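[1] Starting from these lines, generate the structure:
(2 chains)
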Amino acid sequence: MMATLWAILASTIRLAVPYTLAGLGGTYSERAGVVNIGLEGQMLSGAFAAVAVTNILGSAWLGLLAAIGVGMLLGLIHGVVCISCKADQIVSGLAIIIFSAGITVFCSWLLFDKTQIKAIATLKVPLLHEMDFFKAFFSQIPPLVFVTVLIVLVSHVLLFKTVIGLRLRAVGEYPKAADTLGVNVYRMRYLAVVISGGLAGMGGAYLSLEHAHYFVKGISAGRGFIGLAAMIFGKWTPLGTAGAGLLFGFGEAVKPYLPKVVPSQFIDMVPYLLTIFVLASAIGRATPPASVGIPYSKE
Amino acid sequence: MGVLAPLVAVFLAFVVSGLIILVFITTYSLSDRDLQRLAEVGLPAELTAELGVMSDQVFPRREAFLDRVTEILGAEAAGVHGERLAETALTRENPIHVYGQIFKAALKDRNGWGNVLYRATPLIFTGLAVALAFQCGLFNIGGEGQMVMGGFALTWVGFTFAGLPWFIHLPLCILAAVLMGGLWGGIAGWLKASRGVHEVVTTIMLNWIAVALIQYLTMAYKPPESWIPHTYEVAKSAQLSRLWVYLNPLGIAFPKSNLLNTCVFIAMVVVVLVWFLLKKTKIGYEIRAVGHNPSAAECAGISVPRNTILAMALAGGLAGLVGVNQVLGYKHRFRYGVMEGLGFDGIGVAFIGRNSPFGVVLAALLFGILDQGGLAIDVSTHVPREIVMVLKATILIFVVLGTELTKRLLRRLQKREEARA
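    Prediction:
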């Protein structure tokens, strides 16, 4: 009994990581006022970059860095289209999703001549992994989980307790006021969107390096959208997003243990139903940042 | 002006993708001519003779090529001549040739054209779904969900009411598709109208709820002996026949494997109906008024909430019609795999078609050509078919950029006019 509970708990924590990272990415971006639908694509590209660089260079940590870099690059492209060119943010995000889906398989064929690539290395903490206790522990809860927890806590402090976080939030609520106070709206939004892409890329790296140990076509499988749901359900805060990520992870972890009566597809629906509920409800409604989705023009 | 932006965007996208093809697609092969040239430049004769074995082999990667050379010549000879051999063997794909292959495969004969039209038909429906909602100022990302809900309802009516004559059964199926898709779209519209929830988020969420729901329903209505995730077959009275059934007796040769079916005519009729609705009826006028300026429309007595729900419902109904092509016209069963991604492609189609009914048709044809041609280049060139997805995405990005830049250019010209006056 205890073993099952521990297994479900560990599984919940493991499954929560991609949703949390994607949701965090969305949080940074939307708090600054830019809608980033392309999280799904940034995640997928990150997943591919992680495995590709890991297999070519041999180190999983380099793969992780590459994934974050690729995510940041896609975030930057999204930023150029949305912030500098002030074009439609939704369509840009959608284009990034389609682009990532195409370019990952394209590069997969070019570099490896197949679309299912096994990662040849995993993320190993240098000293700790030698010890037996840590090896067993890390196989249940991978090191990236701790990195994620750290990022969540740092984000909470950053967004709500520091000056730069205040500026980022101001830029998403009422950019004109922030601009009159001397905050560079464009730079703040670019920073947010690039961080957003990097976090999504990290989530993707986790998927391919830790979760599946493989890259396959479409490995992100809608997790970017669940990340958006986590962000909304978490009311655009890092801690809330992490909590929502754990909730959705729990739903996925508990699926194999459910009685046959409850179809697994209904569990799949839960994150999306919860999101709509929390957006529409009369009690505890979630409101997005006021200027999200509206491009800013310096008058 | 309206047509120019998408054309320029398509051109730019082809250029960018062409650069990707040119830079990244490299293969290594030594033809007899290559060996001749190498011999003239000074490669020893015995080596040239030995390498003749490789003359019809193509290597996707440099290491694989050099490994083979080392196999044939031995390590030291390979070390001396390897570089020069690799340089000579390097061939790149000509992007113009690749694009030519795409268009040739799609358009060269009736089979190609037929398949292009077959692929364009569902995109017309999902594209119209996005375009119509956009006329009301609404962003309908929910094409995927509305399409599958409508498609499943259509299939259910198709296999449940088996005894009816076709002129009752078929319209009944189509009605079910429109109503169910409309309901699904209407939910998002209602949430926006009554609760102010942004339709982008609700439609995205409703998409995945719908997909999960129909996956469950598909398994619930799956024939027990089948391993494939599809439902029971729709009754013959509801099935649409392929076009070759009509064209072959008339003397027009159309291959029997071609998937084009009579739904394409339904699509054409729907396009005209949507155009008529938007431009010539009061309902269409009110929808567009709300889209242009909600507060002005409200002052004029046009109900913004009512038109929001109506526009989303109509859009959902349009997306639901995809099932007529994919289910009634093709598989005769409901299977998500046949429909996957068409909703999202529809968003691209709508934007490239500038959210107008006839633009949607042209954009859908373009996407149909790319999809059909993409299959061909996968086989005949070394370019993977996913380049088509890269093309679609870059076209979309350039269209979005182009729309914005055109708007700003016009505004600047306008300001200059005003300053002069």
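[2] gap between B:Pro294 and chain A?
    16 Å (C-beta to the nearest C-beta, to the nearest Å). Placement of C-beta: from N, CA and C, glycine included.
[3] residue contacts, that residue?
    B:Pro294 makes contacts with B:137, B:304, as judged by C-beta atoms under 8 Å, 6 or more residues apart in numbering or on different chains.
[4] Let's see that with 10 Å instead.
    Residues counted as contacts of B:Pro294 (C-beta atoms under 10 Å, 6 or more residues apart in numbering or on different chains) are B:136-137, B:302, B:304-305, B:307-308.
[5] can you put the residues you listed in CSV and add secondary structure, neighbour count and pLDDT?
    Below are these laid out as CSV (DSSP: H, G, I helix; E, B strand; the rest coil; neighbours: other C-beta atoms under 10 Å in any protein chain shown; pLDDT from 0 to 100):
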residue, secondary structure, neighbour count, pLDDT
B:Cys136, coil, 28, 93
B:Gly137, coil, 20, 91
B:Ile302, coil, 17, 90
B:Val304, helix, 18, 92
B:Pro305, helix, 15, 93
B:Asn307, helix, 24, 93
B:Thr308, helix, 27, 94
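[6] Which residue, other than its chain neighbours, is closest to the closest residue to chain B within the stretch 51-200 of chain A?
    Nearest to chain B in the stretch 51-200 of chain A, going by C-beta to the nearest C-beta, is A:Gly102, at a distance of 2.7 Å. With sequence-adjacent residues excluded and distances taken as C-beta to C-beta, 6 or more residues apart in numbering or on different chains, A:Gly102 is closest to B:Met389, at 2.7 Å.
[7] Measure how buried the residue in the stretch 301-421 of chain B that chain A sits nearest to is and give me the count.
    Residue of the stretch 301-421 of chain B nearest chain A, by C-beta to the nearest C-beta: B:Met389 (2.7 Å). Burial measure for B:Met389: 25 neighbouring residues, criterion other C-beta atoms under 10 Å in any protein chain shown.
[8] pretty sure A:Gly245 is touching A:Thr148, no?
    Yes. Taking C-beta atoms under 10 Å as the contact criterion, A:Gly245 and A:Thr148 are neighbours in contact, 8.8 Å apart.
[9] Spell out which residues are contacts of both of those two.
    When contacts are counted by C-beta under 10 Å, 6+ apart, the set common to A:Gly245 and A:Thr148 consists of A:13, A:16-18, A:20-21, A:24, A:203.
[10] So what does the residue of the stretch 301-421 of chain B closest to chain A look like in phi/psi?
    Backbone torsions for B:Met389, taken as degrees, to the nearest 10, come to phi -70, psi -40.
[11] B:Phe59 now?
    With angles defined as degrees, to the nearest 10, B:Phe59 sits at phi -110, psi 130.
[12] what helix or strand does the residue lying closest to it once chain neighbours are set aside sit in?
    In space, and not counting its chain neighbours, B:Phe59 is closest to B:Phe65: 3.9 Å by C-beta to C-beta, 6+ apart. Counting by DSSP states H and E, the element that carries B:Phe65 is helix B:62-73.
[13] in the helix or strand following that helix, what's buried?
    Proceeding C-terminally, helix B:62-73 gives way to helix B:75-89 as the next helix or strand, assigned by DSSP H and E. For helix B:75-89, the buried set under the neighbour-count rule, 16 or more other C-beta atoms under 10 Å in any protein chain shown, comprises B:77-78, B:81-82, B:85-86, B:88-89.
[14] State the mean pLDDT of helix B:75-89.
    Predicted confidence along helix B:75-89 averages 77 (mean pLDDT).
[15] Residues touching it, excluding its own?
    Under the contact criterion C-beta under 10 Å, 6+ apart, helix B:75-89 has outside partners B:26-31, B:33-35, B:37-38, B:41-44, B:46-47, B:50-51, B:54, B:57-59, B:62-63, B:65-73.
[16] Stretch A:118-131 now?
    Here stretch A:118-131 makes contact (C-beta under 10 Å, 6+ apart) with A:47, A:50-52, A:54-64, A:112, A:134-135, A:137-139, A:142-144, A:146-147, A:205-206, A:208-210, A:212-216.
[17] Report all helices and strands that whichever helix or strand B:Lys392 is part of contacts.
    Using DSSP H and E, B:Lys392 sits within helix B:387-420. With contacts defined as 3 or more C-beta pairs under 10 Å, 6 or more residues apart in numbering or on different chains; DSSP states H and E, helix B:387-420 has these neighbours: helix A:89-112, helix B:4-24, helix B:95-107, helix B:342-352, helix B:357-380.
[18] Please identify the most buried of those helices.
    Comparing the helices and strands packed on helix B:387-420 on average neighbours per residue, with mean count of other C-beta atoms under 10 Å in any protein chain shown, the densest one is helix B:342-352 at a mean of 27.
[19] State the mean pLDDT of that helix.
    The average pLDDT within helix B:342-352 is 92.
[20] Check whether that helix comes near chain A.
    Yes. Applying C-beta under 10 Å from any C-beta of the partner chain, one finds helix B:342-352 touching chain A at B:344-345, B:347-348, B:350-351.
[21] That helix relative to helix B:4-24, how many degrees between them?
    Calculated by axes from the mean of the first three to the mean of the last three C-alpha atoms, to 10 degrees, helix B:342-352 forms an angle of 120 degrees with helix B:4-24.
[22] Run the angle between helix B:342-352 and helix B:387-420 for me.
    Angle between the axes of helix B:342-352 and helix B:387-420 is 30 degrees (criterion: the same axes, to 10 degrees).
[23] With just CA atoms, put helix B:342-352 into CSV.
    Included here for helix B:342-352 are C-alpha records, laid out as CSV according to Å, rounded to 0.1, in the frame of the first residue of the first chain:
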residue,chain,number,x,y,z
LEU,B,342,-7.1,20.0,-40.2
GLY,B,343,-8.5,22.4,-37.7
PHE,B,344,-5.1,24.0,-37.1
ASP,B,345,-4.3,24.1,-40.8
GLY,B,346,-7.6,25.9,-41.2
ILE,B,347,-6.3,28.8,-39.2
GLY,B,348,-3.4,29.1,-41.5
VAL,B,349,-5.6,28.9,-44.5
ALA,B,350,-7.9,31.6,-43.2
PHE,B,351,-5.1,34.0,-42.5
ILE,B,352,-3.4,33.4,-45.8
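[24] Please pull up the helix or strand immediately following whichever strand or helix holds A:Leu159.
    Element membership for A:Leu159, per DSSP H and E: helix A:143-161. Sequence-wise, the next helix or strand downstream of helix A:143-161 (DSSP H and E) is helix A:163-173.
[25] Can you list the buried residues in that next one?
    A:165, A:167-173.
[26] who touches B:Met312 in this structure?
    Residues counted as contacts of B:Met312 (C-beta under 10 Å, 6+ apart) are B:129, B:132-133, B:136, B:138, B:140, B:142, B:146, B:182, B:184-193, B:199, B:202-203.
[27] near chain A too, which of those residues?
    Filtering the contacts of B:Met312 for neighbours of chain A using C-beta under 10 Å from any C-beta leaves B:187-188, B:190-192, B:202.
[28] Tell me the residues of the stretch 151-299 of chain A that contact chain B?
    Applying the criterion C-beta under 10 Å from any C-beta, the portion of the stretch 151-299 of chain A that neighbours chain B consists of A:217, A:222, A:225-226, A:228-229, A:232, A:263-282, A:285-288, A:292-293, A:295, A:297.
[29] Narrow those residues to just the buried residues.
    For these, burial is judged from neighbour counts taken by 16+ other C-beta under 10 Å, and it is met by A:222, A:225-226, A:228-229, A:232, A:263, A:265, A:267-276, A:278-280, A:286, A:288, A:292-293, A:295.
[30] Inside helices: which ones of those?
    Among these, the subset assigned to helices under DSSP state H consists of A:225-226, A:228-229, A:232, A:265, A:267-276, A:278-280.
[31] Any regions of the stretch 51-200 of chain A where pLDDT drops low?
    Scanning the stretch 51-200 of chain A for pLDDT under 70 picks out the ranges A:127, A:129.
[32] and with 80 instead?
    By pLDDT under 80, the low-scoring segments of the stretch 51-200 of chain A are A:113, A:115, A:121-139.
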